[in-house]
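Novice: fold the stuff below for me.
(chains A, B, C and D)
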Protein chains: 4
Amino acid sequence: MIITLKKNADEKQLDILLAWLNGFGVTLETETHGDRLVIAVLGDVSRVDEELLSDMEIVESVTRVSEKYKLTNRKLHAEDTIVDVGGRKFGGKNYAFIAGPCSVESEKQIIEIAKAVKSAGAAALRGGAFKPRTSPYDFQGLKSEGVKLLKKAKAETGLPIVTEITSVKSVDDFEGVDLIQIGARNMQNFELLKEVGKLGAPVLLKRGLVNTVDELLLSAEYIMSEGNKNVILCERGIRTFETLTRNTLDLGVILLLKERTHLPVIVDPSHASGLRRLVEPLSLAAAAVGADGVMIEVHNDPVHALCDGAQSVVPEEFKRIVEKTEAVLAACGDKRIEK
Amino acid sequence: MIITLKKNADEKQLDILLAWLNGFGVTLETETHGDRLVIAVLGDVSRVDEELLSDMEIVESVTRVSEKYKLTNRKLHAEDTIVDVGGRKFGGKNYAFIAGPCSVESEKQIIEIAKAVKSAGAAALRGGAFKPRTSPYDFQGLKSEGVKLLKKAKAETGLPIVTEITSVKSVDDFEGVDLIQIGARNMQNFELLKEVGKLGAPVLLKRGLVNTVDELLLSAEYIMSEGNKNVILCERGIRTFETLTRNTLDLGVILLLKERTHLPVIVDPSHASGLRRLVEPLSLAAAAVGADGVMIEVHNDPVHALCDGAQSVVPEEFKRIVEKTEAVLAACGDKRIEK
Amino acid sequence: MIITLKKNADEKQLDILLAWLNGFGVTLETETHGDRLVIAVLGDVSRVDEELLSDMEIVESVTRVSEKYKLTNRKLHAEDTIVDVGGRKFGGKNYAFIAGPCSVESEKQIIEIAKAVKSAGAAALRGGAFKPRTSPYDFQGLKSEGVKLLKKAKAETGLPIVTEITSVKSVDDFEGVDLIQIGARNMQNFELLKEVGKLGAPVLLKRGLVNTVDELLLSAEYIMSEGNKNVILCERGIRTFETLTRNTLDLGVILLLKERTHLPVIVDPSHASGLRRLVEPLSLAAAAVGADGVMIEVHNDPVHALCDGAQSVVPEEFKRIVEKTEAVLAACGDKRIEK
Amino acid sequence: MIITLKKNADEKQLDILLAWLNGFGVTLETETHGDRLVIAVLGDVSRVDEELLSDMEIVESVTRVSEKYKLTNRKLHAEDTIVDVGGRKFGGKNYAFIAGPCSVESEKQIIEIAKAVKSAGAAALRGGAFKPRTSPYDFQGLKSEGVKLLKKAKAETGLPIVTEITSVKSVDDFEGVDLIQIGARNMQNFELLKEVGKLGAPVLLKRGLVNTVDELLLSAEYIMSEGNKNVILCERGIRTFETLTRNTLDLGVILLLKERTHLPVIVDPSHASGLRRLVEPLSLAAAAVGADGVMIEVHNDPVHALCDGAQSVVPEEFKRIVEKTEAVLAACGDKRIEK
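Specialist: The predicted structure follows:
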């Protein structure tokens, strides 16, 4: 860390600053550049508050020598990371579909959908078991029972499975899950991030409704700094003043994310829009804009078929989306669908 | 207008309400439905404040018989409107590119770019003459001189021209402009909307940075209610908490806009992102999501070529965008590029 | 739950709906009103998805008989809840100050500040021990050691203590804490909410940066539905496009919150603004607008005194804020400061 | 303007840059500092695009010698500007109330309200004559007739009058208006800003729903750079994701605005909240936070009295607000109400 002081910095203030820095057990080297003093802070500076430093009256600027992002940073890892999810590749030249129901409801349901989405071209099966719900009175999912049903569907079809974790307490239930999802509401649940960072399974990290790209990358950094290098990022819409769609899908950041990080970046058009008829156009846009895949809600039951405005598509629509996406990918670049 | 009162509405309050309504010169017919009174308000109800009515203690609900949107409404005009811009078609099965520099700078500049974008596949030439700038000290454009240079470029190349109007006072300068643009900052400059509504030329109405789809349609309604039926809408990004891109391009509303209105809807990826390298991916996404075209900033000068982060692309990039768009359109549906 | 169907609802769709509802083990009573069918759903309807129902083609409307908010709802609990925090009263006619440093750093520091804020009029001492930080490389707090130091400060001064919990795993460390804080980032960490709901200590629940008032109340409902009735809400700024202040303090919702719920509502001007010189005016505004107290960052060390833009005030400033607040409260209503 | 180039800047790129700069008719002085070239650009640099320059590959930084804000800037004008509005003082130690109906409806109405608000302590009478409405089918105000009625109310009561202008075409109608309002939707209607800048009357400039403090100051700069130094700024709420209140009143920026500019800053709690019962608490908060006054909607008619949720208060409520504000001002500082 390099601290440049202002010209003619007050001596007394300088003494306080140096005493404070010494308190962290770091080594200080001061040097004069022209009429300014520059302090190099060596050693473990993780406890030194950069923001506080920057605000001090005598401080001109503070520079961390090391990048704020380390493990996620493309500057330090130029080539695309390819994450292996139960044998399917995410990232690089691969374009992957994750598909499945909002919630796992029954063995019959999840196996039927698994078969349908597999034959249509999905690389993995999603399904909610532990459901984070805004109200405590809403259905919270089948929980560990739901995870078991997903595993049955995997045994039946061979499709890797993806499901969301909501608490550090349920880690054991996720043994055997191929891709563990951190939902938008938990993107800054740092304790949960650290915990999944200790697991072996790849992690799907969704962007929070109000979180910047920088914050998303720092949350990925939490996971990676615990040793888990297999992280996939997911843009799923941000909260804005426009309420016509449930959230505003932010496709403009996909390329910027991919410039900053080597990790795969996918898009969730179902949750972003909350509307079934927007899933196809937004899926195609995600492919056109350079994402590494999409996660789509697919249902197969007649009840949902009664719904005009639900956010899930039926298997036939999903199949059509995969086919059109193939053509869009061919039009835009050299990615191919990983099935 | 139908006003349904609450059960057992206070008589004195009812008298006040009826006297107030009578003051507008409308005809009132009251009828009892079960234990509620219903008032039908006939005649010119344009001055009756619906919001005020809805808030009254004795009022259960207020229903306008006529739709809030009339002329823009697809319910009342099912087929796509095709706007003719100097011989090029916008809307329906047509996909159109508007391209050109941020500002008109010189005859040489605008004619060179006009030739380049025409040969690459543009349907119209854009160029700023009257520039709305956040600071009074910034360059405000060549004004009427800039419009004249655009007309020269049109004479030279045959390309229809598009440029922005910023004041009711400069209407005369826009004689001969094929598509008059209302910028995002003026989307709710209602006096300007009415004025361009009286002109014969088609109007390109950009969505304001903070405006909802409803407000955009009502602004189009201002133009159309003055007699001008040729309006093209343009999504150009909204202001959100994310500052990585200049604005957040809201591609999720394109389909919803097209469901609500029969007017053509195009996208401006240059202003939305503010970054040259995002123009291609966002243009392809706009085609994938079902827009009717895009408006792209194209420059041809070496100064801009020195810029890393400018928002304009060079003619060769524009050409590649047109070619890739052609393939994306073929992958997604049955639109064709109008050149 | 009451489901009203549309006129002439399709019989086949009705059969599917009834079969689906029966699957939840509820009792159904159907009745005809005019030309519509109405279905009363009795029993445990918590698993029935209201949104899904509302979207069905044959459904006109869905009404939950019970309120969405139960335990937090002022309609069902008219009088103000007064939360006892280690002997100090929050809510009702009481106005309370929580004050203390951002982070607990040492025994000397926390005891000195505790004494200073107590003598100035604070009702409780705050201090961060477990710190949720955006980056894994930033200082994460003294953790359980920090909580112990807070308890020492309490033993020394008698001030109740307030500190933030970040994980269900550290519940044991919070034994003896008088008011357990759930930070903004964890407002929708539902597993954590449930866990603190099982504890005896009162909970301070901060509004998330992007969360609506409705979502805040539902998160409080999570805590209360586990048996803990002592919840204090805290507005601390929302994320908007304006970046001049760190967040935008939303004082307009204070009164609306207090209309909806009987729980005390306080304001955090330090985190909302991120600027020391805004703490006083926003604190006074909070008192003027009808809040039940404020939480203010106070530091006493010379390093922070070097900072121009830090968000903490020094003890003398805190003392002046308490004094001015007393006068503002007298001017606006009948609240008195709880010391 | 000072342009610092990067180390070892490419010579060819430098030539292009210099040629481009010369094209503006400015004088260039280049100098070498260490291993960098620094270019001083002298003369009229208003047409030189700073953003474009900053983006160039060879450019390290661009500094304008002059401040971006000139006439609005407190750095160049330390003391508070006091704006005289028909004999009442706005700014400095004065706190002023502007009050009156949303729309001018009749002579009787406006004179009655004028008398009521004057006796309660208002410094000026507001009333909408030209109404900017989102829909073309909504009541657009009495227009010039409305302004005439305001003048009658002024003749009757001596209260200065405030009303909104919406078009450069209606400037003549505003002869005799004491304070001309630019509404939020027109904050960046730069042609209108320039036009009112040429008039003699003071201008009340409202912040746009989505505009930053910087943009507000630059819009004030437009007015002042035309010669009109009498500008009052008004915070009236910004558009955010929270829809419980119509807009989110941003009280945190009041102090920051007053640090940046010497102009008076008032607050509009009526439009910000859209709810009558929030007008009092938000008015008191505005006084507590350091504003120079408030603008409040006041009505006197029985129809509005039927409304539960309207945004206007009745004269008695307004009187109580003035009285409580007096006490809040005494508690917080040394401002006094200007009547």
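
Novice: going forward, measure contacts and count neighbours with C-alpha atoms only.
Specialist: Fine.

Novice: from the rest of the structure, what touches stretch A:155-165?
Specialist: A:85-88, A:98, A:111, A:114-115, A:118, A:123-131, A:147, A:150-151, A:153-154, A:171, A:174, A:177-183 (Cα atoms under 8 Å, 6 or more residues apart in numbering or on different chains).

Novice: just those: which are in helices?
Specialist: A:111, A:114-115, A:118, A:147, A:150-151, A:153-154 (DSSP state H).

Novice: now, the most widely separated pair of those?
Specialist: A:K118 and A:V147 (18.5 Å; Cα to Cα).

Novice: which residue does the stretch 1-150 of chain A have closest to chain D?
Specialist: A:G34 (12.1 Å; Cα to the nearest Cα).

Novice: count of residues packed around that residue?
Specialist: 8 (other Cα atoms under 10 Å in any protein chain shown).

Novice: relative to C:L209, how far out is it?
Specialist: 44 Å (Cα to Cα, to the nearest Å).

Novice: next one: A:A272
Specialist: 19 Å.

Novice: which of these two has more neighbours?
Specialist: Neighbour count, other Cα under 10 Å: between A:A272 and C:L209, A:A272 has more, with 25 against 21.

Novice: ok, residues contacting the helix or strand where the more buried one lies?
Specialist: Element membership of A:A272, judged by DSSP states H and E, is helix A:269-273. Identification of contacts with helix A:269-273 by Cα under 8 Å, 6+ apart yields A:236-238, A:245-249, A:276, A:278-279, A:282-283, A:294-297, A:311-312, B:252.

Novice: please flag which of those residues sit within helices.
Specialist: Among these, the members that lie in helices (by DSSP H) are A:276, A:278-279, A:282-283, B:252.

Novice: possible to save those residues as CSV with pLDDT, distance to chain D and neighbour count?
Specialist: Output for these, formatted as CSV (pLDDT from 0 to 100; distance: Cα to the nearest Cα, whole Å; neighbours: other Cα atoms under 10 Å in any protein chain shown):
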residue, pLDDT, distance to chain D, neighbour count
A:R276, 90, 23, 21
A:L278, 95, 21, 22
A:V279, 96, 23, 27
A:L282, 98, 22, 29
A:S283, 98, 25, 27
B:G252, 95, 17, 28
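
Novice: closest one to C:T30 out of these, please.
Specialist: Nearest member of the ones in helices among the contacts of helix A:269-273 to C:T30, counting by Cα to Cα, is A:R276, at 30.2 Å.

Novice: OK, contacts around that closest one?
Specialist: Contacts of A:R276 by Cα under 8 Å, 6+ apart are A:270, A:309-313.

Novice: skip the chain neighbours and tell me the closest residue to it.
Specialist: Residue nearest to A:R276 in three dimensions, not counting chain neighbours: A:Q311, with 4.2 Å by Cα to Cα, 6 or more residues apart in numbering or on different chains.

Novice: part of a strand, is A:S61?
Specialist: Yes: under DSSP: H, G, I helix; E, B strand; the rest coil, A:S61 sits within a strand.

Novice: hang on, A:T81 packs against A:K258?
Specialist: No: look at A:T81 against A:K258 with Cα atoms under 8 Å: they stay out of range, at 10.7 Å.

Novice: touching both of these two, which residues are there?
Specialist: By Cα under 8 Å, 6+ apart, the residues touching both A:T81 and A:K258 are A:P264.

Novice: report the longest helix in chain A, please.
Specialist: Longest helix in chain A, counting by DSSP H: helix A:315-332.

Novice: is it anywhere near chain B?
Specialist: Yes: applying Cα under 8 Å from any Cα of the partner chain, one finds helix A:315-332 touching chain B at A:324-325, A:327-328, A:331-332.

Novice: and the furthest pair within those residues?
Specialist: Top of the distance list for these (Cα to Cα): A:K324 and A:C332, 12.5 Å.

Novice: and the strands in the stretch 51-200 of chain A?
Specialist: For the stretch 51-200 of chain A, applying DSSP state E, counting those that start in this stretch gives strands covering A:59-63, A:83-85, A:88-90, A:94-100, A:124-126, A:161-165, A:179-182.

Novice: pick the most deeply packed of those.
Specialist: strand A:124-126 (a mean of 30; mean count of other Cα atoms under 10 Å in any protein chain shown).

Novice: got a list of contacts for that strand?
Specialist: Contacts for strand A:124-126 (Cα under 8 Å, 6+ apart): A:88, A:97-102, A:114, A:117-118, A:159-163, A:297.

Novice: count of neighbours near A:R246?
Specialist: Count around A:R246 with other Cα under 10 Å applied: 18.

Novice: same thing with A:D334?
Specialist: 9.

Novice: hmm, it is touching A:G92, no?
Specialist: No: counting by Cα under 8 Å, A:G92 is not a contact partner of A:D334; they are 10.0 Å apart.

Novice: what is the neighbour count of A:T72?
Specialist: Count around A:T72 with other Cα under 10 Å applied: 25.

Novice: re earlier: let me have the residues of helix A:315-332 next to chain B in a markdown table, extended by pLDDT, neighbour count and distance to D:K75.
Specialist: Converted to a markdown table, these look like this (pLDDT from 0 to 100; neighbours: other Cα atoms under 10 Å in any protein chain shown; distance: Cα to Cα, whole Å):
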| residue | pLDDT | neighbour count | distance to D:K75 |
| --- | --- | --- | --- |
| A:K324 | 98 | 23 | 59 |
| A:T325 | 98 | 28 | 57 |
| A:A327 | 97 | 19 | 59 |
| A:V328 | 98 | 28 | 55 |
| A:A331 | 96 | 21 | 56 |
| A:C332 | 96 | 22 | 52 |
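
Novice: keep those, but drop any that are not near chain C.
Specialist: Of the residues of helix A:315-332 next to chain B, not one also sits near chain C (Cα under 8 Å from any Cα).

Novice: of those residues, just say which sits nearest to A:L204.
Specialist: A:T325 (21.6 Å).

Novice: correct me, but the closest one touches A:L284?
Specialist: Yes: if you go by Cα under 8 Å, A:T325 and A:L284 touch, sitting 5.7 Å apart.

Novice: for A:F139, give its distance to chain C.
Specialist: 5 Å (Cα to the nearest Cα, to the nearest Å).

Novice: pLDDT at that residue, what is it?
Specialist: Listed pLDDT for A:F139 reads 80.

Novice: hang on, it packs against A:R133?
Specialist: Yes: taking contacts as Cα under 8 Å, A:F139 lies within contact range of A:R133: 7.5 Å.

Novice: which residues of chain A lie near chain D?
Specialist: A:239-242.

Novice: ok, now with 6 Å
Specialist: When proximity is defined as Cα under 6 Å from any Cα of the partner chain, chain A approaches chain D at A:240-241.

Novice: in stretch A:116-127, what counts as buried?
Specialist: Buried residues in stretch A:116-127, counting neighbours by 16 or more other Cα atoms under 10 Å in any protein chain shown, are found at A:116-118, A:120-127.

Novice: equivalent analysis for stretch A:68-83, please.
Specialist: Quick answer for stretch A:68-83 (16+ other Cα under 10 Å): A:68-74, A:80-83.
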